[in-house]
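Engineer: could you work out the structure for the sequence below:
(4 chains)
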Number of protein chains: 4
Amino acid sequence: MSRISYLSELLSSVFVRQEQQSRVEGRGSFSELCDALLSQSGEMSGNQLALGLLNRFAIATDNEKLEFFQLLATRFDINAEHAVRAAQHYAENKSAANLSILMDSVEPRRQELFRRLNRVPGATNELVLMRACLLKMCRQYPELGCIDVDFQHLFRSWFNQGFLVLREIDWHSPANILEKIIAYEAVHAISNWSALRSRLEPDDRRCFAFFHPAMLDEPLIFVEVALAQKSPDSIGEVLEPDRKIIKEQEATMAVFYSISNCQQGLAGVSFGNFLIKQVAKELSRQLPQLDTFRTLSPVPGFMRWVNKTLQPVEQTQTLDTDHAHLHAGLRIAQRLAQTDAVDMDEQAAEQLQAVVAHYLVNEKRSDHLPLDAVARFHLGNGASLDKVLPGADVSAKGLQQSASAMVSYLYDLDKVEDNHEAYANDQIVKTSIDVSALLTRLRKRRARAS
Amino acid sequence: MSRISYLSELLSSVFVRQEQQSRVEGRGSFSELCDALLSQSGEMSGNQLALGLLNRFAIATDNEKLEFFQLLATRFDINAEHAVRAAQHYAENKSAANLSILMDSVEPRRQELFRRLNRVPGATNELVLMRACLLKMCRQYPELGCIDVDFQHLFRSWFNQGFLVLREIDWHSPANILEKIIAYEAVHAISNWSALRSRLEPDDRRCFAFFHPAMLDEPLIFVEVALAQKSPDSIGEVLEPDRKIIKEQEATMAVFYSISNCQQGLAGVSFGNFLIKQVAKELSRQLPQLDTFRTLSPVPGFMRWVNKTLQPVEQTQTLDTDHAHLHAGLRIAQRLAQTDAVDMDEQAAEQLQAVVAHYLVNEKRSDHLPLDAVARFHLGNGASLDKVLPGADVSAKGLQQSASAMVSYLYDLDKVEDNHEAYANDQIVKTSIDVSALLTRLRKRRARAS
Amino acid sequence: MSRISYLSELLSSVFVRQEQQSRVEGRGSFSELCDALLSQSGEMSGNQLALGLLNRFAIATDNEKLEFFQLLATRFDINAEHAVRAAQHYAENKSAANLSILMDSVEPRRQELFRRLNRVPGATNELVLMRACLLKMCRQYPELGCIDVDFQHLFRSWFNQGFLVLREIDWHSPANILEKIIAYEAVHAISNWSALRSRLEPDDRRCFAFFHPAMLDEPLIFVEVALAQKSPDSIGEVLEPDRKIIKEQEATMAVFYSISNCQQGLAGVSFGNFLIKQVAKELSRQLPQLDTFRTLSPVPGFMRWVNKTLQPVEQTQTLDTDHAHLHAGLRIAQRLAQTDAVDMDEQAAEQLQAVVAHYLVNEKRSDHLPLDAVARFHLGNGASLDKVLPGADVSAKGLQQSASAMVSYLYDLDKVEDNHEAYANDQIVKTSIDVSALLTRLRKRRARAS
Amino acid sequence: MSRISYLSELLSSVFVRQEQQSRVEGRGSFSELCDALLSQSGEMSGNQLALGLLNRFAIATDNEKLEFFQLLATRFDINAEHAVRAAQHYAENKSAANLSILMDSVEPRRQELFRRLNRVPGATNELVLMRACLLKMCRQYPELGCIDVDFQHLFRSWFNQGFLVLREIDWHSPANILEKIIAYEAVHAISNWSALRSRLEPDDRRCFAFFHPAMLDEPLIFVEVALAQKSPDSIGEVLEPDRKIIKEQEATMAVFYSISNCQQGLAGVSFGNFLIKQVAKELSRQLPQLDTFRTLSPVPGFMRWVNKTLQPVEQTQTLDTDHAHLHAGLRIAQRLAQTDAVDMDEQAAEQLQAVVAHYLVNEKRSDHLPLDAVARFHLGNGASLDKVLPGADVSAKGLQQSASAMVSYLYDLDKVEDNHEAYANDQIVKTSIDVSALLTRLRKRRARAS
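Structural biologist: Residues are numbered from 1 along each chain as shown, chains lettered A, B, ... in the order given. Predicted coordinates:
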């Protein structure tokens, strides 16, 4: 047990160093600063330079940032001729020395620049912000994309799962972390501190986040969990302020009802799947009686697909044969998405259910993976599509995005491995008996129709 | 202040995860395990595989390890032809996509293997040990050197200075860390717990170490410091059990008397210069009255050089003209190194002093840097050669290595930057007036002689 | 440094134990529970009993609580005859044994009951709440006062200053502590989390609290501090949301602008004076350049005194000779206290200033100490009355309480000792030259008038 | 979980304050220092005085200490006449005010002196040492016993179980704590750090200690535990360096094999019974599969009783009728206690067993409790006498103290409560079937003999 406390101290020095830094802007042009930092044979004045450059960037105008990135993209790029020659040399003589030269020749100098910048306490976060800025600019200036190749290479090393730290967030957590939870919640907005408290303090609520040891004030991703005795039918049931709070010992099920990535600068460096599995493990440790782990998830791409599918109909009055049997469900979805209150009879609900199931299971991208991003995430983790819940999110956003439908993915820890393999290798989407039944009925209707 | 404690918790989860791991050896051949780990599209069973592979390696025989490394060196190497083609493509069209393909083409698949291994808690340490093993085998099997190119590339990212944590080691530190200080002390051996205590507990003693957040039980490098009022003339004075202990407030000087690298697997990934500067900063913060930072350092290469220089003399009876004026000093050194007790009159001491100064300042490698490794380290950090101390280490090791001489390098924080630049750019070795005078006298003698 | 972390663990077990407790209500009457708890020769089932009794009390109705206290006041009181006899025996033979018997004879059994209740984790806080409840009931049932004699005796031991822990509160502090700061702020209310943040996060703001190791979720008392370059003229200047924030290094002065006791159940067990001095010491350590420590304090009793003094005038049209020369100032105060906006010319301000100074310095209780409670607190600590600030608090509360006036007490750490002695022994109130001048002018006016 | 870390910080301030103290000896006589400290109406200079007095005491000679205690015993005693009068007043009018006066009148002023001394950081430990010194002097100067009445009164409040902290001690614990475990081990001496390590580091070893938050460097009491699969027959089996270490998950039994009180100055303020029960609870939490908690305990008073019992025989040649049937066993014990190696056939072993069982169960003090101190401790906790183990401790101490016999007390958590009640109320010693059988056979032999 004493090891825990030892760690705290180890990290405390990080803290001390961080505090002592202040915003001293580097003098000279970006170009001079970069040259100076890279020419440092030792690191004597390196940290001063690095700090100066980071601070300069932090307060730069958009134009100055663009200029800086253009510099990185050109002056600190690799020399293609050198690379060709080094590759040829290596092909002729596969020595370690030649490999080393080859690898060096294809490593842009900006990569070493980023490593040297990262020596300064607090720099990791600044570099994550720098990439967020770069990604935005890349849309307009795709020639900057080469810089991101280096960011991705570095961040995949730096944010290796082995370095991440899972941490429980609760009402005893520091306020500066909690305010970031409020800010970063991307699925079901948290309106204020009292709403936050109602998601953290009750006995049947949990929240976990991943942190990196060099960015301890910044969660990377977090998940909110409701402990329950039965599977919730709607997000309202979960967030209802006056709901009955159960004791943690009474819970048999953990419902992951919100997962938010926090750092735009870490796009593509994914940790979500690690998070869910570690949280499930940790919850099992805390509460061994839990026997079910499931999500209550949005279907973010549903209405986009509905509208696109129905669009030709507006013009031609008929759906293609693939979708004709879905027509009623699609119409219901379209109507719901335009209302601001849900009014749906049982039959309509079932039709919506079926069309959502169809969307998630059958509609694929060109790579044969599901159209829906959230579905790809959970199915890729080895979850199965367990329930489709019409009317589960009647907020404006819920109606607009998915005609009020939500779904529940099931994490059956015994099957998650096999599911994952089936999905990864053969794009098979596992579904519950109920969902399968829905789809079978649809198929029959289609067969009948054709 | 509360940030400190928050960090502690963050890391505590690392701990918990570490504890839960146990040595489950992976089934299948190394080759199968590697393939399986790399083919994992997700990371579902990845961590189990990684753990299995690490444990397999940990208990493998030397032959099995060799086989594993040979596998890495061949099957998981890059495809040279691909690399040539990718480089040519890039040279033709410098798009980000082509850069990315080029960089991927020169990254051996074993690098990704190491990254995946590293996801397992505790893996970083295992990989450091794996490299230590590799380095040993490379002597006999240089073809394995290509693997080390990847280790170096990864470790330079992972052990980036920005991720390291400086930590004070004292008598309140955990016993499991302290026993490693005893084990890793490489300069002046610590014979037992009571000797350790006398280096940590007195008010005028300090010890600092660097740690990595993913290897919290393993110091990477540490330095031992004596606080003093005057510069010590010998290591005996510093380590003397019955010496007078002064209060920390009375000290005006910090003497770095021992620096030890702990991890053979991190050879070439240097943090020593960061360490000394951070420790000097931290000591200044604790004790603002400190005005001098110096070392008491061995001269590990001195007798090797003396013997080599005198060797021709044994045969030819005369020294070359470059060294003729040093003859007396060299002989004294040779005699001392063979005794087991120091018996040196004042004149002899001065002659030894002069020849040590000459060795450190004038004797260079082919790259124009000093022959002596410890000199290269401190001069490279921007220290100056301040004192040569004959008779300062009369232990068997001290006599044998440097004929009892030690030296003191001075870290003048105001000049360290300039010294470093002069040394790095022009190989200039800064010396104190006293040492300069010694060398001037030698030069005059030489002029006279010639 | 490692000692710090060790402590953390030590206390972590407290935590663990606290969490494991739940509200199991004890069975049986209060009387039976008390008897059972006191009759326990060991402590085998004692903790269960104690927990049961505490939980029973926590959910009891007011009538049941009264009944419980009456039981304590009667059944668990001392036996007066025994006490007389024991005192006589001791007077005859002053042996340790007789002393022990005497001391036991005057210790009511409820004191041991409280000690046994306190063995349960979390009990200390419950007992503090119990006393808060008792104090309220004592107003109506003074016969319960005897119980408070025991509470005071125990709490003075348990909350001995040596056991208290000073802790800085900032924006990194746990939310559950911060919400208590909002709740307990008694001087200048904190309206919400964002107002709290503006008192904690800026570089020129500090907050410190005392805690007891057995009540770590409950601050006992806290003080809010503004770092400044000049003495503020009003509380508005301190709390102004858009004020200019200065860097901590630029501050030369610490202004204690709010001190709040948190626990009604600790009334009379004072730690305020320790707090201010420890905070001043801690701030000096953090920021050695600070040269002034002062307060910005309310004058809570001023208008009460003004109204009482003016009351006879309402009837008789004249003030007594002692107060006649204050007439103008008193009238101004009275007028201001009834407005809701301050409109005061320079002369009025000066007259208000003078009458406040008079009130604080000259108006005394029967024990010769100042009428004003806040004045007694700071003067008793060795502070001097440095400034009277008319118009410094124009909130409704400020106008009503003190006609907008606030004062600044100065903690001159070199004089605080002497000031304290002069005040404690001779009831001398030290004042600044300015305040003295104000009072001299008043005296002259009075002399002239008479 | 975050609460844990918060505590760490809370206590960290204690640490900081402790460090800043140094040994400033108070000027003036003890008498003057005491007067000054008690006359302090505030606490302005109080802490300086307290520190001075504590430091003066720490370096005082024995004569000076005696003088100090005599001062406390006389000048700072109560006024017996006042006490009589206050008791009479109270008997006449049982008001809270009169109770308060009465209680004050019997509280010696030295008690307030101790409370004021305790305000200084680190003072609690100094006061514990002061009492240790007092207890020693009381043997020669019983008139000082009255001071101990106050120490006991205060310490019982200060060291209330609710304030104590249970902490696991392991190989990650700070070295300064570990060296105290070596020093304080009172049952089976720990010869050096490597012996310590073998009691802390293996998977099947545990150690727990109680601490007080104001004395965090000083364990109060600790217990060493061996996890096992079967009950050990001897202490050698437990401490054997080359024994087979089992995994913690394989253990079914926890054997408490050493319990040591650390502070002589806390004699009579017992926490041992709390410790064992809390440790049993904590172990059950860590390792739910544990089903047996037992001790391996010495029988410290056995040979003293044997020798006393046999003494008359030396003179008269016959034992009294009560002990005649024990004669063989007593003789065996006497012989063993004088050898330095155990040589005992089965019959001898059984006779020793029987006489040890008789000693523990039937031989009582005047208060009807067992003669043996360790037996009183465990039986008083509700344990039962489960096994008598002849030949279990063949060290010199073991032979001399108990003729090599040890015993195992069983803590059956379900029966501990009832056992305790039976023992506390009716002095019934619960025994296992085996032990009962031994005693039955003895009784029969006695019946036959008579």
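Engineer: so A:Asp414 belongs to a helix, correct?
Structural biologist: No: counting by DSSP: H, G, I helix; E, B strand; the rest coil, A:Asp414 is located in no helix; its state is coil.
Engineer: count of residues packed around it?
Structural biologist: 6 (other C-beta atoms under 10 Å in any protein chain shown). (Each C-beta comes from the backbone N, C-alpha and C, glycine too.)
Engineer: tell me how far it lies from A:Ala375.
Structural biologist: 21 Å (C-beta to C-beta, to the nearest Å).
Engineer: for the spatially most central residue of chain A, name its beta-bridge partners.
Structural biologist: Nearest to the geometric centre of chain A sits A:Asn261, at 4.2 Å (C-alpha atoms, centre = their mean). With DSSP bridges as the criterion, A:Asn261 is bridged to A:Ile221.
Engineer: which pLDDT value does the model give it?
Structural biologist: We have a pLDDT of 92 for A:Asn261.
Engineer: tell me who's in contact with it.
Structural biologist: A:184, A:186, A:220-221, A:267, A:272 (C-beta atoms under 8 Å, 6 or more residues apart in numbering or on different chains).
Engineer: the closest residue to chain D within the stretch 51-200 of chain A: what secondary structure?
Structural biologist: At 4.1 Å from chain D, A:His172 is the closest residue in the stretch 51-200 of chain A, using C-beta to the nearest C-beta. Here A:His172 is coil, with the state taken from three-state DSSP.
Engineer: ok, it touching C:Ser173?
Structural biologist: No: between A:His172 and C:Ser173 there is no contact under C-beta atoms under 8 Å: 9.9 Å.
Engineer: the two: which is more packed in?
Structural biologist: More crowded of A:His172 and C:Ser173, by other C-beta under 10 Å: C:Ser173, with 26 against 23.
Engineer: show me the shaky parts of the stretch 351-450 of chain A.
Structural biologist: Judged by pLDDT under 70, the stretch 351-450 of chain A has its weakly predicted residues at A:450.
Engineer: for it, which segments count as strands?
Structural biologist: A:384-389, A:406-410 (DSSP state E, counting those that start in this stretch).
Engineer: what does the first one contact?
Structural biologist: Put plainly, it is strand A:384-389. Contacts for strand A:384-389 (C-beta under 8 Å, 6+ apart): A:231, A:233-234, A:294, A:296, A:353, A:356-357, A:360-361, A:375, A:379, A:405-410, A:412, A:415, A:419, A:429-432, A:434-435, A:438.
Engineer: same question, the shortest one
Structural biologist: Identification of contacts with strand A:406-410 by C-beta under 8 Å, 6+ apart yields A:231, A:234-235, A:255, A:292-299, A:356, A:360, A:375, A:378-379, A:383-389, A:392-393, A:398, A:432.
Engineer: what about those residues, which are in helices?
Structural biologist: A:235, A:356, A:360, A:375, A:378-379, A:398 (DSSP state H).
Engineer: so where do the strands sit in the stretch 201-350 of chain A?
Structural biologist: Going by DSSP E, counting those that start in this stretch, the stretch 201-350 of chain A shows strands at A:205-211, A:221-228, A:253-261, A:292-295.
Engineer: now these as JSON lines including distance to B:Cys146?
Structural biologist: JSON lines is the format used below for the strands of the stretch 201-350 of chain A (distance: least, C-beta to C-beta, whole Å):
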{"stretch": "strand A:205-211", "distance to B:Cys146": "34"}
{"stretch": "strand A:221-228", "distance to B:Cys146": "36"}
{"stretch": "strand A:253-261", "distance to B:Cys146": "37"}
{"stretch": "strand A:292-295", "distance to B:Cys146": "44"}
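Engineer: these: which one's closest to A:Ile246?
Structural biologist: strand A:221-228 (7.0 Å; C-beta to C-beta).
Engineer: and the closest one, how far from the chain's centre?
Structural biologist: The chain centroid and the centroid of strand A:221-228 are separated by 15 Å under C-alpha atoms, centre = their mean, to the nearest Å.
Engineer: remind me what it packs against, helices and strands.
Structural biologist: strand A:205-211, strand A:253-261, helix A:272-286 (3 or more C-beta pairs under 8 Å, 6 or more residues apart in numbering or on different chains; DSSP states H and E).
Engineer: residue contacts, the spatially closest residue to A:Ser234 that is not a sequence neighbour?
Structural biologist: Closest residue to A:Ser234 apart from its sequence neighbours, by C-beta to C-beta, 6 or more residues apart in numbering or on different chains: A:Ala392 at 4.1 Å. A:Ala392 makes contact with A:233-236, A:296, A:398, A:404-406, according to C-beta under 8 Å, 6+ apart.
Engineer: nearest to D:Phe30, out of the strands of the stretch 201-350 of chain A?
Structural biologist: Comparing the strands of the stretch 201-350 of chain A under C-beta to C-beta, the one sitting nearest is strand A:205-211, at 56.0 Å.
Engineer: sheet-wise, list the partners of that closest one with their directions.
Structural biologist: strand A:165-168 (antiparallel), strand A:221-228 (antiparallel).
Engineer: in TSV: the ones you listed, plus mean neighbour count and mean pLDDT.
Structural biologist: Formatted as TSV, the strands paired with strand A:205-211 follow (neighbours: other C-beta atoms under 10 Å in any protein chain shown; pLDDT from 0 to 100):
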stretch	mean neighbour count	mean pLDDT
strand A:165-168	22	92
strand A:221-228	23	97
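Engineer: okay, those strands in CSV with distance to B:Leu51 next?
Structural biologist: Formatted as CSV, the strands paired with strand A:205-211 follow (distance: least, C-beta to C-beta, whole Å):
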stretch, distance to B:Leu51
strand A:165-168, 17
strand A:221-228, 23
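Engineer: rewinding a little: now tabulate the helices and strands packed on strand A:221-228 in a markdown table and tack on distance to B:Val306.
Structural biologist: Below are those laid out as a markdown table (distance: least, C-beta to C-beta, whole Å):
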| stretch | distance to B:Val306 |
| --- | --- |
| strand A:205-211 | 55 |
| strand A:253-261 | 63 |
| helix A:272-286 | 58 |
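Engineer: between those, which gets nearest to C:Ala50?
Structural biologist: The nearest among the helices and strands packed on strand A:221-228, by C-beta to C-beta, is helix A:272-286 at 27.7 Å.
Engineer: elements contacting that closest one?
Structural biologist: strand A:165-168, strand A:205-211, strand A:221-228, strand A:253-261, helix A:373-380.
Engineer: so for D:Gln152, which of the ones you listed sits nearest?
Structural biologist: strand A:165-168 (43.8 Å).
Engineer: put the alpha carbons of the closest one into PDB.
Structural biologist: Written as PDB, here are the backbone C-alpha positions of strand A:165-168 (Å, rounded to 0.1, in the frame of the first residue of the first chain):
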ATOM      1  CA  VAL A 165      -3.400   6.300 -15.800                       C
ATOM      2  CA  LEU A 166      -7.000   5.500 -15.000                       C
ATOM      3  CA  ARG A 167      -8.600   7.600 -12.300                       C
ATOM      4  CA  GLU A 168     -11.900   7.700 -10.700                       C
END
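Engineer: off-centre distance for stretch A:127-135?
Structural biologist: That offset, for stretch A:127-135, works out to 16 Å (C-alpha atoms, centre = their mean).
Engineer: and that stretch, what's buried?
Structural biologist: A:127-131, A:133-135 (16 or more other C-beta atoms under 10 Å in any protein chain shown).
Engineer: picking up where we left off before, redo the helices and strands packed on helix A:272-286 as a markdown table? Include distance to D:Gln278.
Structural biologist: Formatted as a markdown table, the helices and strands packed on helix A:272-286 follow (distance: least, C-beta to C-beta, whole Å):
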| stretch | distance to D:Gln278 |
| --- | --- |
| strand A:165-168 | 25 |
| strand A:205-211 | 28 |
| strand A:221-228 | 29 |
| strand A:253-261 | 31 |
| helix A:373-380 | 44 |
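Engineer: I'm done for today, thanks for sticking with me.
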